[in-house]
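# Can you look at this prediction? I've put the sequence above it.
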Amino acid sequence: MYCSLDAATAIIEVAVHTGFRALDIVPHVSTVLEIKDPALVHVVTPSNVPNPTWLLPGIPSGNQQAFGASLLATHMFVAIPSAASRQSWNLIFDPDRTKGLYAQTLQEQLAIDTRLNPPVP
């Protein structure tokens with residue numbers, strides 16, 4: 001599972017992959033969760049990323065995907081800088097593998113500001 005550490009980044013991350021239009025017409029949910037043991041979160045700093053261009057917007061390379069897969073194979077939760085929002089972070093984890101290690105504290109339908117998808121003139 002892939003999520004952001006704040007709601008605004010989550011909206012930006014979904015929008016860069018699907019567009020603001022999809023956020024406006026396809027139902028999405030916002031979920032807040034609590035990781036029971038924060039020590040299980042492996043933090044990847046920019047200096048830990050083998051290729052600094054991986055932190056720039058773009059299509060992930062095969063090596064970039066392999067790097068992420070190896071992080072997930074080694075760690076239960078991974079916090080990694082967002083390429084879409086430079087000062088934000090994403091959290092990646094396998095929900096089946098981490099079952100019981102986090103608790104969902106809130107889930108609600110995502111409602112975004114309609115100004116993000118203005119009418120075409």
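It's in.

# Give me the below-cutoff pLDDT ranges for this protein.
Low-confidence segments of the chain (pLDDT under 70): 1-4.

# And the helices in it?
Under the criterion DSSP state H, helices of the chain are mapped to 7-18, 20-25, 62-74.

# hmm, who's touching the second one?
If I follow you right, that is helix 20-25. Applying C-beta atoms under 8 Å, 6 or more residues apart in numbering, the external contacts of helix 20-25 come out as 11, 14, 15, 110, 112, 114, 116, 117. Placement of C-beta: from N, CA and C, glycine included.

# give the contact list for the last one.
If I follow you right, that is residue 117. 20, 21, 23, 24 are the contacts of residue 117 under C-beta under 8 Å, 6+ apart.

# What's the separation between it and residue 106?
As judged by C-beta to C-beta, to the nearest Å, residue 117 and residue 106 stand 25 Å apart.

# Also residue 9?
For residue 9 relative to residue 106 (C-beta to C-beta), the value is 17 Å.

# now residue 16
From residue 16 over to residue 106 the distance is 24 Å, taken as C-beta to C-beta.

# So for these two, which sits in the more crowded spot?
residue 16 (14 against 9; other C-beta atoms under 10 Å).

# Chain neighbours aside, what residue packs nearest to the more buried one?
Nearest non-adjacent residue to residue 16, counting by C-beta to C-beta, 6 or more residues apart in numbering: residue 84, 4.8 Å away.

# Could you check how many residues crowd around residue 77?
Residue 77: 23 surrounding residues under other C-beta under 10 Å.
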